[in-house]
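Participant: Mind looking at a prediction? Sequence and model below.
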Amino acid sequence: MFLGEHPHTLDAKGRVILPARFRERLASGLVFAPAQDRCIDVFPLTGFERRVEELRALPREDERARAYLRILLAGAQEEKPDAQGRVTIPPRLRSYAGLDRELVVNGADERVEIWDRATWESYRERAEDAFATLDRGFDR
């Protein structure tokens with residue numbers, strides 16, 4: 001499980017150093033993919049393969065399911081961290097997520113998310129207000 005919020009910077013070559021605690025699980029390979037909240041999902045290669053298998057089970061007749069899988073796969077790119085734990089974020093995904101120099105790398109259970117820092121802080125501020133009351137009404 002990937003956990004935590006980690007501020008990082010994007011270098012001039014479009015690289016980011018992965019948090020040390022994430023490196024071992026991503027060392028053998030990872031997949032960058034567009035995420036729905038205008039951030040980038042980073043999956044271990046096997047985790048991405050599982051996600052695609054889940055999506056393949058959706059009905060091919062469903063236009064939304066086809067479009068989702070199409071955009072996900074077209075935007076996905078495999079990468080392998082270098083010896084320092086750096087990965088190069090593809091330019092198209094950097095643009096999609098509006099990444100500037102300042103980033104936040106978040107643990108998100110089975111995947112990692114990469115956010116532009118200002119975008120993440122704005123999102124987190126809005127989401128934290130709602131978070132405080134989310135569990136009210138859930139059956140336990």
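Facilitator: Perfect, thanks for sending it.

Participant: Just say helix, strand or coil for the spatially most central residue of the chain.
Facilitator: Here the mean C-alpha position of the chain is nearest to the C-alpha of Asp41 (C-alpha atoms, centre = their mean), at a distance of 1.6 Å. What DSSP: H, G, I helix; E, B strand; the rest coil gives for Asp41 is strand.

Participant: give me every residue that touches Leu99.
Facilitator: Leu10, Ile40, Ile89, Ile114, Asp116 (C-beta atoms under 8 Å, 6 or more residues apart in numbering). Where you see a C-beta, it was placed from the backbone N, CA and C, and this is true even at glycine.

Participant: Test of understanding: give the bridge partners of the residue nearest to the centre of the chain.
Facilitator: Beta bridges link Asp41 to Ala33, Glu113, judged by DSSP bridges.

Participant: how close does it sit to Phe48?
Facilitator: Relative to Phe48, Asp41 is positioned 8 Å away (C-beta to C-beta, to the nearest Å).
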